[in-house]
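Asker: Fold the following.
(one chain, ligands or ions: 3)
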Amino acid sequence: MTRIDIPEGSPFGLANLPYGVFSTPGTEPRVGVRVADSVVDLSTTLGDDVFARPSLNAFMAQGRARWEEVRRRITELVSGDVPDAAVHPVGEVTMHLPVEVADYVDFYASEHHASNLGRLFRPNAEPLMPNWKHLPVGYHGRAGTVVVSGTDIVRPSGQRKAPDEDAPTFGECRRLDIEAELGFIVGTGSELGSAVPCDEFADRVFGAVLVNDWSARDIQAWEYVPLGPFLGKSFATSISPWVVPILALEAARVPTPAQDPEPLPYLRESEPWGLDIDLSVVWNGQEVTRPPYREMYWSPAQMLAHMTVNGATSRTGDLYASGTISGPAKEQRGAFIELTWGGREPVEVAGEQRTFLQDGDEVVISATAPGADGGRIGFGEVAGRIVPAKG
Ligand SMILES: O=C(O)/C=C/C(=O)CC(=O)CC(=O)O
Ligand SMILES: [Ca+2]
Ligand SMILES: [Mg+2]
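Answerer: Ligands and ions are numbered 1, 2, ... in the order given. Next up, the predicted model:
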């Protein structure tokens, strides 16, 4: 038997208990929970075969009462002696995509990001469109290209046309970017024709992950009018392997920034679901920005209410991302197009002047939030390296 040592101040203590899908050499992917620097195998310790599956979907579909019960049982389990065979050092496991992603939606909920991108993409127009403060703007992304942290990102190719060029050309993306975001995973879905009220958020949404919504800015700028992002973003979206339970985020809840005008009734929440989460973006080993999630204008409860208000289903495994997280300060911007102001103001990265991503570059996004024990809980990280375009 093993007693798991949880050092004081660990971001993966009992206040967190994030779920993931892992394997060890020669074994099948299954569900585990992270405790300090260990992964505890839930497929052999909790007596429910939902944990023997290669995704969290079956467990998530069991609903909030079960999520609470399992959280209590894990706390008991890891507070005592755990069978040796169920405990793996985190450095010795392979992490897999934690959910089978059903639908993927990406919002645009940061006022600072939306204003900055408005100025960069539409310099002669108002930065925020007239709808922006009335509804959480979003688009449907490509669920099939959501990949787990550590997956190499192949530089996309496509059509691009700079404003000073007469005609489009086909070729490798020359303005490859990141978007630092938080993603929310639906645990229990809703029926076709019915809307999910804001106040059902915590019964429906199972947990949160970090998202890097890789973006090909030159492809995007040429293709996006009038239907929105398409191939400039659909080539890959990376998520972190550990799903932080919504139940672990109670201590992180804060009001959103003041919403003026007051949103329509279906977008009003009785309890706030802003989140006090601090992100960090590290580019080739150097931290370049610290996006603050608490600055996001729309809450994830409002996003879910909006996404279903027309009667569209939500389903177990749906992933919806917040949109790029940018704060008011330059060093809080969550995309390099903002940080370098369209590539016109390079930043120093590990001793070099840089704008967009080069082949071989690595970006690592991490985050922490207040935990119920007064310490901080961690999201782990979402990492990706750019590899050359396929010829
Ligand atoms: O304003 C635009 O035309 C484009 C905006 C984005 O690229 C942002 C997007 O994907 C949504 C987000 O991450 O905030
Ligand atoms: Ca995005
Ligand atoms: Mg993407």
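Asker: which element is the residue of the chain found nearest ligand 1 on?
Answerer: Residue of the chain nearest ligand 1, by C-beta to the nearest ligand atom: Gly323 (2.8 Å). Bear in mind the C-beta positions are built from the backbone N, C-alpha and C, glycine included. Under the criterion DSSP states H and E, no helix or strand holds Gly323.
Asker: Is there proximity between stretch 85-103 and ligand 3?
Answerer: No: legend: contact between stretch 85-103 and ligand 3 by C-beta under 5 Å from the ion is lacking; minimum distance shown is 11.9 Å.
Asker: tell me the contacts of Val70?
Answerer: Neighbour list for Val70: 46, 59 [criterion: C-beta atoms under 8 Å, 6 or more residues apart in numbering].
Asker: wait, is it part of a strand?
Answerer: No: counting by DSSP: H, G, I helix; E, B strand; the rest coil, Val70 is not part of a strand but helix.
Asker: Show me what from the chain comes close to ligand 2.
Answerer: 106, 179, 213.
Asker: Give me the buried entries from those.
Answerer: 106, 179, 213 (16 or more other C-beta atoms under 10 Å).
Asker: Show the contacting residues for the last one.
Answerer: I take that to be Asp213. Asp213 touches 106, 141, 178-179, 181, 233, 237, 321, 324, counting by C-beta under 8 Å, 6+ apart.
Asker: Next, the distance between the ends of stretch 361-380.
Answerer: Counting by C-alpha to C-alpha, to the nearest Å, you get 20 Å between the two ends of stretch 361-380.
Asker: what secondary structure does the residue located most distally from the centre of the chain sit in?
Answerer: Distance from the centre of the chain peaks at Asp166, with 37.4 Å (C-alpha atoms, centre = their mean). In three-state terms, and counting by three-state DSSP, Asp166 is coil.
Asker: Kindly provide the distance from it to Arg174.
Answerer: 17 Å (C-beta to C-beta, to the nearest Å).
Asker: Once you drop chain neighbours, what's closest to the closest residue to ligand 2 within the stretch 151-300 of the chain?
Answerer: Nearest to ligand 2, among the residues of the stretch 151-300 of the chain, is Asp213, at 3.6 Å (C-beta to the ion). In space, and not counting its chain neighbours, Asp213 is closest to Glu179: 3.9 Å by C-beta to C-beta, 6 or more residues apart in numbering.
Asker: isn't that neighbour right next to Ser215, touching?
Answerer: Yes: taking contacts as C-beta atoms under 8 Å, Glu179 lies within contact range of Ser215: 5.6 Å.
Asker: List the residues that are in contact with both of the two.
Answerer: Joint contacts of Glu179 and Ser215 (C-beta under 8 Å, 6+ apart) are Ala335.
Asker: so how far is Thr94 from Asn124?
Answerer: Asn124 is 50 Å from Thr94, by C-beta to C-beta.
Asker: ok, the two, which is more surrounded?
Answerer: Thr94 (14 against 4; other C-beta atoms under 10 Å).
Asker: show me the contacts for the residue nearest to the more buried one when sequence neighbours are not counted.
Answerer: Distances taken as C-beta to C-beta, 6+ apart put Ser23 closest to Thr94, at 5.2 Å, once the chain neighbours are dropped. By C-beta under 8 Å, 6+ apart, Ser23 lies in contact with 29-30, 93-94, 96.
Asker: doesn't Pro197 make contact with Tyr266?
Answerer: Yes: using C-beta under 8 Å, Tyr266 is in contact with Pro197, at 7.3 Å.
Asker: higher neighbour count, the two?
Answerer: Taking other C-beta under 10 Å, Tyr266 and Pro197 do not tie; Pro197 has more neighbours (19 against 15).
Asker: Quick check: that one vs ligand 3, distance?
Answerer: Distance of Pro197 to ligand 3, given as C-beta to the ion, to the nearest Å: 29 Å.
Asker: got the domain boundaries for this structure?
Answerer: Domains of the chain are assigned by automatic domain parsing as 2-96, 104-387.
Asker: could the ones you listed go into TSV alongside mean pLDDT?
Answerer: Shown next, in TSV, are these (pLDDT from 0 to 100):
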stretch	mean pLDDT
domain 2-96	98
domain 104-387	97
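Asker: Just name the most buried of the ones you listed.
Answerer: Highest mean neighbour count among these (mean count of other C-beta atoms under 10 Å): domain 104-387, with a mean of 19.
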